[in-house]
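[1] no sequence on this one, just coordinates:
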């Protein structure tokens, strides 16, 4: 039985490791339920879906396919920047999270929607593209890379949203980060996403003014809900 309902959780500004642990718990519980349902079928039972929104204090995370040397700071440098570093279990290379950056962690059972990771990533990208269009900005994809970009067809190419996910038994975790009012100086301390010759940008930089984070969150949430055909749990 497919469950299109989704619970939205707003964790606010939360330590990265704390959020990671909470994600892992929801992820593990969903997988455990799926395994149990396969062993003991129950047509009335459903697996849950979550959309989690948050921000993090300054942190650098390295995906499974990333190179540690793409972090350009040593321990002393991290301390000076008031930042921490974690190698983690998502796909992708290194990225930065910090205040002013909207993070979305969908913990979904894709059996409730569609079992296609490529389509899953493209759908998340589309939600970001539509959110930026709400602000009059034309963004798109960069062939060969995940995430959302501006001017991907010329030398001014710059990335505004990074993505990295983990999926097991069609249950997802980790997700996307959208730079809204983030401090771009922190990106100077990494080879962001392993790409050394492309810039990073924010919604604030593109529009020339700070943007309300809650407003962006609601817009992104609505586009994700619409594109996946979800039903919000009140």
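    In hand now; what should we look at? Not measured: the values here are computed from a predicted model.
[2] low-scoring stretches of this structure, by residue?
    For the chain, applying pLDDT under 70 flags the ranges 192-197, 234.
[3] Go through it and flag its longest strand.
    strand 158-168 (DSSP state E).
[4] so what does that strand touch, helix or strand wise?
    helix 16-39, helix 117-133, strand 148-150, strand 171-179, strand 199-200 (3 or more Cβ pairs under 8 Å, 6 or more residues apart in numbering; DSSP states H and E). Where you see a C-beta, it was placed from the backbone N, CA and C, and this is true even at glycine.
[5] got these as a markdown table, with distance to residue 164 columns?
    Converted to a markdown table, the helices and strands packed on strand 158-168 look like this (distance: least, Cβ to Cβ, whole Å):
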| stretch | distance to residue 164 |
| --- | --- |
| helix 16-39 | 12 |
| helix 117-133 | 10 |
| strand 148-150 | 13 |
| strand 171-179 | 6 |
| strand 199-200 | 15 |
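[6] Point out the most buried one among those.
    Mean neighbour count (mean count of other Cβ atoms under 10 Å) peaks for strand 171-179 among those, with a mean of 25.
[7] Please state the offset of that strand from the chain centre?
    Chain-centre distance of strand 171-179: 2 Å, with Cα atoms, centre = their mean, to the nearest Å.
[8] residue contacts, residue 183?
    98, 99, 100 (Cβ atoms under 8 Å, 6 or more residues apart in numbering).
[9] and the gap between the closest residue to the last one other than its chain neighbours and residue 83?
    What it means is residue 100. The shortest distance from residue 100 to any non-neighbouring residue, by Cβ to Cβ, 6 or more residues apart in numbering, is to residue 181 (3.6 Å). Taking Cβ to Cβ, to the nearest Å as the measure, residue 181 falls 17 Å from residue 83.
[10] contact partners of stretch 217-228?
    Contacts of stretch 217-228 (Cβ under 8 Å, 6+ apart): 4, 6, 8, 10, 51, 53, 102, 104, 106, 108, 113, 123-124, 126-128, 130-131, 134, 178, 230-232.
[11] List the buried residues of that stretch.
    217, 219, 220, 221, 223, 224, 225, 228 (16 or more other Cβ atoms under 10 Å).
[12] could those be laid out in CSV, adding distance to residue 39?
    What follows is those, written out as CSV (distance: Cβ to Cβ, whole Å):
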residue, distance to residue 39
217, 38
219, 41
220, 37
221, 34
223, 37
224, 32
225, 32
228, 28
